[in-house]
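Peer 1: just to be clear, the model below is a prediction. Sequence and coordinates:
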Amino acid sequence: VQLVESGGGMVQPGGSLRLSCAASGFTFSSYDMSWVRQAPGKGPEWVSAINTGGGSTYYADSVKGRFTISRDNAKNTLYLQMNSLKPEDTALYYCARATWNEYDYWGQGTQVTVSS
């Protein structure tokens with residue numbers, strides 16, 4: 001199993017970024033997926049989740065209305081479109097594979113820095 005995030009970077013407040021997570025080594029379409037972030041000096045924070053078919057999505061209150069999770073099962077790729085970014089969105093963003101009771105595989109993370 002491999003999850004590889006990309007798309008992070010530095011952006012000014014109010015800007016946008018699109019994160020991608022390329023999945024391999026398992027049947028991507030059979031698993032719910034999530035994005036989790038960790039800011040410096042803080043614990044992990046769940047950001048968003050999507051079910052296997054992409055028809056159900058969930059968001060933390062802190063990102064609702066600004067972030068959009070999606071997936072392309074034909075491309076084995078998970079996405080996170082992030083708009084209206086704020087300095088408090090600065091974190092290392094991970095994609096994670098979800099089982100019924102845990103996130104069993106994580107990527108290496110991609111850094112998002114929001115600063116003027």
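Peer 2: Received, thanks. Numbers count the residues shown, from 1 in each chain.

Peer 1: ok, the most centrally placed residue in the chain - contacts?
Peer 2: Central residue check for the chain by C-alpha atoms, centre = their mean: the C-alpha nearest the mean position is that of residue 35, 3.0 Å away. Residue 35 makes contacts with 19, 21, 47, 48, 49, 69, 78, 80, 93, 94, 95, 96, as judged by C-beta atoms under 8 Å, 6 or more residues apart in numbering. The way it works is simple: take the backbone N, C-alpha and C, and place the C-beta from them, glycine included.

Peer 1: what pLDDT does it get?
Peer 2: Looking at residue 35, its pLDDT stands at 98.

Peer 1: which strand or helix spans it?
Peer 2: Taking DSSP states H and E as the definition, residue 35 sits inside strand 32-38.

Peer 1: can you count the residues close to residue 100?
Peer 2: Residue 100 is flanked by 5 other residues according to other C-beta atoms under 10 Å.

Peer 1: distance of it relative to residue 31?
Peer 2: 11 Å (C-beta to C-beta, to the nearest Å).
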